[in-house]
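In: Okay, sequence plus prediction incoming.
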Amino acid sequence: MNLFYFFLLSYYFLLTLFTIFIFLLLFLPFIPFIYFFSFSFLFFLLFPISTIYLIRFFTINTLFLFLSFAITVFFFLCYFNPSFYLSVTP
């Protein structure tokens, strides 16, 4: 595999992991039992981030995060299934 595509794939993979992690941090606090026994509780204790900032950040970047997830899935499909790559490219 080309080195450029490897770094691109790893970049989007890490971005997707970051996206999943952030959505967990957003939605776990709404369930109090999970909130107190989850990593998000420790995260908010160690790194107090304003909720207003989080809401503002996610309204701006949600489209980009979903787009990065879609591109990550596409690259994984192309890497693990070469016939898929040949079917979507001219």
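Out: Yep, that arrived. Residues are numbered from 1 along each chain as shown.
In: only C-alpha atoms for contact and neighbour calcs from this point on.
Out: Noted.
In: Give me the secondary structure label for residue 15.
Out: Under DSSP: H, G, I helix; E, B strand; the rest coil, the three-state class of residue 15 is helix.
In: What pLDDT does the model give residue 82?
Out: On the pLDDT scale, residue 82 is placed at 72.
In: And for residue 11?
Out: Model confidence at residue 11 (pLDDT) stands at 76.
In: Give me the three-state assignment for it.
Out: Residue 11, by the three-state scheme (three-state DSSP), is helix.
In: what about it, neighbour count?
Out: Neighbour count of residue 11, defined by other Cα atoms under 10 Å: 14.
In: again, but for the one 3 residues further on
Out: Other residues within reach of residue 14, judged by other Cα under 10 Å, total 15.
In: State the distance from it to residue 21.
Out: Remark: distance between residue 14 and residue 21 (Cα to Cα, to the nearest Å) = 10 Å.
In: now swap in residue 13 and tell me
Out: In terms of Cα to Cα, residue 13 sits 12 Å off from residue 21.
In: ok, the two, which is more surrounded?
Out: Under the criterion of other Cα under 10 Å, the comparison of residue 13 against residue 21 puts residue 13 first, with 19 against 12.
In: That one and residue 74 touch, don't they?
Out: No: judged on Cα atoms under 8 Å, residue 13 makes no contact with residue 74 at a distance of 11.0 Å.
In: secondary structure element for residue 69?
Out: helix 51-80 (DSSP states H and E).
In: try residue 18
Out: Per DSSP H and E, residue 18 falls inside helix 3-27.
In: Flag every buried residue along that helix.
Out: By neighbour count on 16 or more other Cα atoms under 10 Å, the buried set for helix 3-27 is 9, 12-13, 15-16, 19, 25.
In: Which neighbouring elements make contact with that helix?
Out: helix 51-80 (3 or more Cα pairs under 8 Å, 6 or more residues apart in numbering; DSSP states H and E).
In: let's see it at 10 Å
Out: Under the contact definition 3 or more Cα pairs under 10 Å, 6 or more residues apart in numbering; DSSP states H and E, helix 3-27 sits against helix 39-46, helix 51-80.
In: Least reliable of the ones you listed by average pLDDT, please.
Out: The lowest average pLDDT among the helices and strands packed on helix 3-27, as it happens, falls on helix 39-46, at a mean of 49.
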